[in-house]
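Chemist: turn this into a structure:
(chains A and B)
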Amino acid sequence: MKDSQIQNTLARLMVGGTLLAAAIMLAGLVWYLATHPGLRPGDHVFTGEPKYFENPVSMVRRALDWKEIGHRRSLVMIGVVLLLINPVLRVGFAAMGFAAQRDRLYTAVSLVVLAVLLFSFFW
Amino acid sequence: MDELTFDLLVVAASILAGTIGSLIGLGGGVIITPVLVLGFGVDIRYAMGAALTSVIATSSGAAAAYLRDGISNMRLGLFLCVATTLGAVGGAMLAVVLNQAVLSVIFGAALLITVALSVRKNPKTDPAGDPSDPLAERLRLPGTMPDGDGRKPYAVHRVVPGFLMMGVAGILSGLLGIGSGAFKVVAMDQIMRIPFKVTTATSNFMIGVTAAASVGIYLKRGYLDPALVAPVALGVLAGAFLGARLLPVAPVKTLRMIFLTLVTLIAVQMVLRGFGINWG
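Modeler: Got it, this is the predicted structure:
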């Protein structure tokens, strides 16, 4: 695998992932607002967020829970998760590309960055 | 105000922030947070969470174009991401223990520095073409960039100071929920003397990865409210797209002057707000 191939695949992942995430968020937001008129915004006071917001996995699990499908937040949440995991996938893919090149140094560098990201999301 | 009105106003403000950000070369994050805090009364922690998520969205588009054109230096970017992600995790953990007022003051100060950095002229980088540092060579950091029909090699200097500065950029990103692109550019072009085009391109690639490292910590602390993240990220993304389209036709110099003045005032107000003084 050549550098240019890694770069092109990464570029596609970044644009495709971002557009998909944006489309899902937009659909979720429109649905949410259309089905819940008259709600008051609650961002003036910090209350934290519920436990299932802890990490991308718990968010997706919550969003896909059958009781929650149709919950006003589930689509928006999936969109947000897609956005957040894009950089993680980016680094993971770079690690695979460098490994295919047998570039040990940069496979290791990518894996260190990946480890920091995973630590941040799941510690 | 009901939620629909609130969201529509937030989307409108985010589009504006994203457009201005891309026109004057500041990220959307550093503008949208004060707008949410000062204009909408949103808690700074929710504002930071939404801003940082929008940073991931916008940096991806620009970074992808640079990657495809072969301008970014992937190895350099990933190597420096070790520093920025570690810094970001540290900064995000620090943000959790600081109170809103202190965050507000640090945010204003960082915004003022960002403005000062972006007013400064782009320096000439490495005209003499002296060789890279031995450490940079060993890490295979020097690369080539498109030049006319072919590619031109460039050198990389002062790896350790540059790496440390990247750590600082990471801390600021996690602490304040910004992309800290301006600080990354300083590390690469001022300290490591990498050509400006490569610096900008590589910085864009790094911003998303750095931001993701902070967002993980923010999530756990409940800084991400999807109901706010969605309109902000969508608005800033649309604004950045619009800004990129306007860039060739807009009177950029005049706009820069106007908006940098405006951003300076916003920065001062964030500082004053931290000290409990509100005006406007």
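
Chemist: next, count neighbours for residue B:56.
Modeler: Using other C-beta atoms under 10 Å in any protein chain shown, residue B:56 is surrounded by 30 other residues. (Each C-beta comes from the backbone N, C-alpha and C, glycine too.)

Chemist: now do the SS call for residue B:70.
Modeler: coil (DSSP: H, G, I helix; E, B strand; the rest coil).

Chemist: relative to residue B:144, how far out is it?
Modeler: Going from residue B:70 to residue B:144 by C-beta to C-beta, to the nearest Å gives 8 Å.

Chemist: for the stretch 101-250 of chain B, give me the ranges with low pLDDT.
Modeler: B:121-129 (pLDDT under 70).

Chemist: just chain A next, same as before
Modeler: Those would be A:36-45, A:51-52, A:65-72, if you go by pLDDT under 70 across chain A.

Chemist: is any part of the longest helix along it close to chain B?
Modeler: For chain A, the longest helix by residue count, based on DSSP state H, is helix A:3-35. Yes: using C-beta under 8 Å from any C-beta of the partner chain, helix A:3-35 reaches chain B at A:3-4, A:6-8, A:10-12, A:14-15, A:17-18, A:21-22, A:25-26, A:28-29, A:32-33.

Chemist: distance from the one helix or strand residue B:88 maps to to the middle of the chain?
Modeler: Element membership of residue B:88 [criterion: DSSP states H and E] is helix B:74-97. Distance of helix B:74-97 from the chain centroid (C-alpha atoms, centre = their mean, to the nearest Å) equals 13 Å.

Chemist: is chain A contacted by it?
Modeler: Yes: with C-beta under 8 Å from any C-beta as the measure, helix B:74-97 is seen reaching chain A through B:74-75, B:78-79, B:81-82, B:85-86, B:88-89, B:92.

Chemist: and stretch B:43-63, by the same measure?
Modeler: Yes: using C-beta under 8 Å from any C-beta, stretch B:43-63 reaches chain A at B:43, B:45-46, B:53, B:56-57, B:60-61, B:63.

Chemist: any idea of the mean pLDDT for that stretch?
Modeler: For stretch B:43-63, mean pLDDT rounds to 89.

Chemist: buried residues in it, which are they?
Modeler: Neighbour counts over stretch B:43-63 (16 or more other C-beta atoms under 10 Å in any protein chain shown) mark B:43-63 as buried.

Chemist: equivalent analysis for stretch B:188-197, please.
Modeler: Those would be B:188-195, B:197, for stretch B:188-197 by 16+ other C-beta under 10 Å.

Chemist: dump the residues you listed to a markdown table, plus distance to residue B:134 and secondary structure.
Modeler: Formatted as a markdown table, the buried residues of stretch B:188-197 follow (distance: C-beta to C-beta, whole Å; DSSP: H, G, I helix; E, B strand; the rest coil):
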| residue | distance to residue B:134 | secondary structure |
| --- | --- | --- |
| B:188 | 19 | helix |
| B:189 | 21 | helix |
| B:190 | 21 | helix |
| B:191 | 17 | helix |
| B:192 | 14 | coil |
| B:193 | 15 | coil |
| B:194 | 17 | coil |
| B:195 | 20 | coil |
| B:197 | 25 | helix |
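
Chemist: for those, work out which two are farthest apart.
Modeler: Farthest-apart pair in those is B:191 and B:197; separation 17.0 Å (C-beta to C-beta).

Chemist: now the helices for the stretch 151-280 of chain B?
Modeler: B:159-176, B:181-185, B:196-220, B:226-246, B:252-274 (DSSP state H, counting those that start in this stretch).

Chemist: same question for chain A.
Modeler: Going by DSSP H, chain A shows helices at A:3-35, A:56-64, A:74-100, A:104-122.

Chemist: how about the first one: buried residues?
Modeler: In this case it means helix A:3-35. A:6-7, A:9-11, A:13-15, A:17-18, A:21-22, A:24-26, A:28-29, A:32-33.

Chemist: and what of the second one?
Modeler: Across helix A:56-64, burial judged by 16+ other C-beta under 10 Å covers A:56, A:58-60, A:62-63.

Chemist: so which of these also contact chain B?
Modeler: residue A:56.

Chemist: for residue 105, give me its contacts.
Modeler: Picked chain A for this. By C-beta atoms under 8 Å, 6 or more residues apart in numbering or on different chains, residue A:105 lies in contact with B:139-140.

Chemist: please refer instead to chain B.
Modeler: Residue B:105 neighbours (C-beta under 8 Å, 6+ apart): B:270-271, B:274-275.
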